[in-house]
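Student: turn this into a structure:
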Amino acid sequence: MREANADPSLFITNGENERLKDKAVYFIRNLPEGKKSVELTESNDNQVIFGELSPNILQQLNNTLDMGYQPMIELIPKPDWGSCE
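Tutor: Just a heads-up that it's a prediction; the model follows:
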């Protein structure tokens, strides 16, 4: 969270009580069943998945769909869609 004119700060939360006011990152531990720790000597092994969120996440999703996926979908010939509109 960041208040106006305040220095950035780092805090950890599950997001239930705090509202997102600025950018946030998330980390998900994705381990096989029975494994309890992340392998630190390997990279890009999908044991830790991470990403970034912004306060306007729905607008970003809308933009991605409108500017990224919709133009690609519109290139697919109509007969290939079958009964879909």
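
Student: which residue is nearest the middle of the protein?
Tutor: Centre of the chain computed as the mean C-alpha position; nearest residue by C-alpha atoms, centre = their mean is Gly51, 5.0 Å away.

Student: tell me the contacts of that residue?
Tutor: Under the criterion of C-beta atoms under 8 Å, 6 or more residues apart in numbering, the contact list for Gly51 reads Val25, Tyr26. The C-beta positions use only the backbone N, C-alpha and C, and glycine is treated the same way.

Student: just checking, it is part of a strand?
Tutor: Yes: with the criterion set as DSSP: H, G, I helix; E, B strand; the rest coil, the secondary structure at Gly51 is a strand.

Student: if it is in a bridge, with which residues?
Tutor: With DSSP bridges as the criterion, the beta-bridge partners of Gly51 are Tyr26.

Student: show me what the lengthiest helix in the chain packs onto, helices and strands only.
Tutor: Ordering each helix of the chain by length in residues (DSSP state H) puts helix 57-64 first. Secondary structure elements in contact with helix 57-64, counted by 3 or more C-beta pairs under 8 Å, 6 or more residues apart in numbering; DSSP states H and E, are absent; no helix or strand qualifies.

Student: show me how far that helix is from its chain's centre.
Tutor: 11 Å (C-alpha atoms, centre = their mean, to the nearest Å).
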